[in-house]
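**Q** what follows is a predicted structure for the sequence shown.
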Amino acid sequence: MKQLTILSFLAILATSSYAASVSNVTVFQRWPWSRQVDIHFDISADTDEFVDVNIALSNAGDPLDVPADSFSTGTQLLQEGHHVVSWDPAKTSYTNRLTLANFRADVSIARSVLYMIVDLTKSASDPNQITYLSRADLETGAYGSIETNFWGAGAAQGVIWTGITNSQEYATSKLVFRAIPAGSFTLGDTGLTSSGGRFSVTLTQPYWAGVYELTQRQWKNITTESCNSKFTVAGDRRPIEFHSQNGMRGSAYSFYETGYHVDSTSLIGRLRTKTGNKILFDLPTEAEWERAARGGASTHYYDGGESGGYLLASGQRDQTTNRIANLIGRYRYNGGFIDNGQTEKPSRDGSDASKYGPTNGTALVGSYLPNAYGLYDTAGNVQEGCLTAGTSSGVDPIGKKNGSKVLYKGGEWSWSAQAMRPAFHQEAERGTYSVEHGFRVFAFPHKSEDDVIE
């Protein structure tokens, strides 16, 4: 069998109008043990900047017609640093050509990205189904208000798109995602219930996190099916609840057994199909969820301060007048329970949801202040489901399998303020239905469905 052989390499970096730049491009073929070609390059960018790159290949001046899927995942959502993208000729028409005598790789910045918007009313064939916004786009004012360095030095610094809350479409007919940086942080906390201790964690690749919890109208727009949620007054913009992880990924698709493969009829499966499998949508691991939910903060709440009003001067927990908790999310004493004396915790099956007023229970997504990454409701409203169970430290950890249980993170509408911490978690069976549980969709441009879970 003939294999593609590259006799000479020419690596070119392209100039652009973006602040980010590409340098030190080199090309190596894994010959003779493999025909794959590795393209190395460095990106210089601001610390809060993310970019996509274009890679164009040619031979002796003639462009090579290479499909996008012949490149490994690694051309999207890149930060400053060294990167390697692999090109697989076996996925092209060049696999059986003997030589490419004058092979050239051009690497250039395609765009700067900060937010990704998926239009659920468009098909995968529509080039505008997935669009992107950069910091520069937001600074024009065309998309509404923005805030800079929202929570101060104790949290991440950067631009937050607060104008998103002024348009219902972003909570109904579109899914909006915010870029989350790679990096190291401390997961968990100590001295409080359901936190599991503290762990040093490093996530090696950036990813996308949903700006909002998945809403009832978004569920319908993706699945075309009715939503089982119990809080349905103004339900289009309220988060889904009373759905299990089985409905999100498929009853036979445990992460620890099938990895990123999901049932094609599940919500995640239908979303992938709807978008032409261009990007891997899924639920997050606990570490991915908590890094996104913290917004760069290491404190009990994501404001980055010294716990806000979490503790009274006497050291007792303040569950009714928590100053910070009232700003960042829905919980029991901040609209979760009605005012007519109904203070008993509701049943998880939602059978007594009628006891709660039309504006109680869950809140419309985006009703409270976002974290420093621009994500809303990670502190309360509904607990959000993760792929994984248990907690662990290390690099890109996936926790420890615990039967068919998974974690739900953060606080929710029927709990007190002490649960509204990124570290707070509870385990539940994958098939559990609860009015306390919801989901936030994530997207992973550096992962593929066939990634091996170890």
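**A** All right, it came through fine. Residues are numbered from 1 along each chain as shown.
**Q** distance of the residue nearest to residue 181 when sequence neighbours are not counted from residue 221?
**A** Of all residues not flanking residue 181 in the chain, residue 206 sits nearest, at 5.3 Å (Cβ to Cβ, 6 or more residues apart in numbering). For glycine as for every other residue, the C-beta is placed from the backbone atoms N, C-alpha and C. Distance, residue 206 to residue 221, using Cβ to Cβ, to the nearest Å: 27 Å.
**Q** for residue 331, same thing?
**A** Computed with Cβ to Cβ, the distance linking residue 331 and residue 221 is 28 Å.
**Q** out of these two, which sits in the busier spot?
**A** residue 331 (27 against 19; other Cβ atoms under 10 Å).
**Q** please name the residues that touch the residue nearest to the more buried one when sequence neighbours are not counted.
**A** Once flanking residues are discounted, residue 331 sits nearest to residue 380: 4.6 Å by Cβ to Cβ, 6+ apart. Applying Cβ atoms under 8 Å, 6 or more residues apart in numbering to residue 380 gives the contacts 325, 328-331, 334, 368, 410-413, 415, 419-420.
**Q** show the contacting residues for the residue lying closest to residue 150 once chain neighbours are set aside.
**A** Once flanking residues are discounted, residue 150 sits nearest to residue 160: 5.1 Å by Cβ to Cβ, 6+ apart. If a contact means Cβ under 8 Å, 6+ apart, then residue 160 has 146, 147, 148, 150, 370, 372, 373, 374 as its contacts.
**Q** verify the stated contact: the fifth one with residue 379.
**A** Looking back up the chat, that one is residue 370. No - at 9.9 Å, residue 370 does not count as touching residue 379 under the criterion of Cβ atoms under 8 Å.
**Q** so where's the stretch 51-200 of the chain shaky on pLDDT?
**A** Applying pLDDT under 70 to the stretch 51-200 of the chain flags the ranges 95-98, 190-196.
**Q** strands of that one, start to end?
**A** Here the stretch 51-200 of the chain has its strands, by DSSP state E, counting those that start in this stretch, at 62-63, 81-87, 99-100, 103-113, 115-119, 130-133, 147-148, 159-160, 174-180, 183-189, 197-203.
**Q** with distance to residue 396 added, can I get the ones you listed in CSV?
**A** Listed next are the strands of the stretch 51-200 of the chain as CSV, based on distance: least, Cβ to Cβ, whole Å:
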stretch, distance to residue 396
strand 62-63, 36
strand 81-87, 16
strand 99-100, 35
strand 103-113, 22
strand 115-119, 21
strand 130-133, 25
strand 147-148, 30
strand 159-160, 26
strand 174-180, 14
strand 183-189, 11
strand 197-203, 6
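**Q** quick one, which of those strands is nearest to residue 245?
**A** Judged by Cβ to Cβ, the one of these that comes nearest to residue 245 is strand 174-180, at 18.5 Å.
**Q** pairing partners for the closest one, with directions?
**A** Applying DSSP bridges, strand 174-180 is found paired with strand 115-119 (antiparallel), strand 207-210 (antiparallel).
**Q** chain center to the shortest one: distance?
**A** On the basis of Cα atoms, centre = their mean, to the nearest Å, strand 207-210 is displaced by 2 Å from the centre of the chain it belongs to.
**Q** please save the CA atoms from it in CSV.
**A** Provided in CSV are the C-alpha atoms of strand 207-210 (Å, rounded to 0.1, in the frame of the first residue of the first chain):
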residue,chain,number,x,y,z
TYR,A,207,-14.6,24.8,26.4
TRP,A,208,-18.1,26.4,26.1
ALA,A,209,-20.6,26.6,28.9
GLY,A,210,-24.3,27.5,28.4
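**Q** wait, doesn't residue 249 sit right on residue 259?
**A** No - judged on Cβ under 8 Å, residue 249 makes no contact with residue 259 at a distance of 10.9 Å.
**Q** and these two? Which one has more around it.
**A** Comparing residue 249 with residue 259 by other Cβ under 10 Å, the one with more neighbours is residue 249, at 27 against 20.
**Q** next, give phi and psi for that one.
**A** For residue 249, the backbone dihedrals (degrees, to the nearest 10) come out as phi -130, psi -20.
**Q** pull up the gap between the residue lying closest to it once chain neighbours are set aside and residue 174, please.
**A** Spatially, and ignoring its direct neighbours in sequence, residue 249 is nearest to residue 262 (4.5 Å; Cβ to Cβ, 6+ apart). When distance is defined by Cβ to Cβ, residue 262 is 22 Å away from residue 174.
**Q** what's the answer for residue 391, then?
**A** In terms of Cβ to Cβ, residue 391 sits 33 Å off from residue 174.
**Q** neighbour-wise, which of the two wins?
**A** Just comparing residue 391 and residue 174: by other Cβ under 10 Å the higher neighbour count belongs to residue 391, 22 against 19.
**Q** SS state for that one?
**A** Assigned by DSSP: H, G, I helix; E, B strand; the rest coil, the conformation of residue 391 is coil.
**Q** pull the contacting residues for it.
**A** Residue 391 makes contacts with 187, 188, 196, 197, 199, 286, 399, 400, 425, as judged by Cβ under 8 Å, 6+ apart.
**Q** residue 154 too?
**A** Listed by Cβ under 8 Å, 6+ apart, the contact set of residue 154 reads 297, 298, 299, 303, 304, 305.
**Q** residue 297 reaches residue 375, doesn't it?
**A** No - the criterion here is Cβ under 8 Å, and residue 297 misses it with residue 375 at 12.0 Å.
**Q** which parts of this protein belong to which domain?
**A** Domains of the chain are assigned by automatic domain parsing as 5-113, 117-444.
**Q** deepest of those, which one?
**A** Of the domains of the chain, the one with the most neighbours on average (mean count of other Cβ atoms under 10 Å) is domain 117-444, at a mean of 20.
**Q** start to end distance for that domain?
**A** Taking Cα to Cα, to the nearest Å, domain 117-444 runs 14 Å from one end to the other.
**Q** again with stretch 122-138
**A** 23 Å.
**Q** do stretch 240-255 as well
**A** In stretch 240-255, first residue to last residue: 21 Å (Cα to Cα).
**Q** ok, now stretch 438-448?
**A** Using Cα to Cα, the end-to-end distance of stretch 438-448 comes to 24 Å.
**Q** mean confidence for it?
**A** The pLDDT scores in stretch 438-448 average 96.
**Q** which residues of the stretch 251-400 of the chain fall in strands?
**A** Assigned by DSSP E, counting those that start in this stretch, the stretch 251-400 of the chain shows strands spanning 280-282, 383-385, 394-395.
**Q** so which of these comes closest to residue 24?
**A** Among the strands of the stretch 251-400 of the chain, strand 394-395 comes nearest to residue 24, with 24.8 Å by Cβ to Cβ.
**Q** against residue 272, how distant is residue 263?
**A** Relative to residue 272, and taking Cβ to Cβ, residue 263 is found at 11 Å.
**Q** again with residue 329
**A** Taking Cβ to Cβ as the measure, residue 329 and residue 272 are separated by 30 Å.
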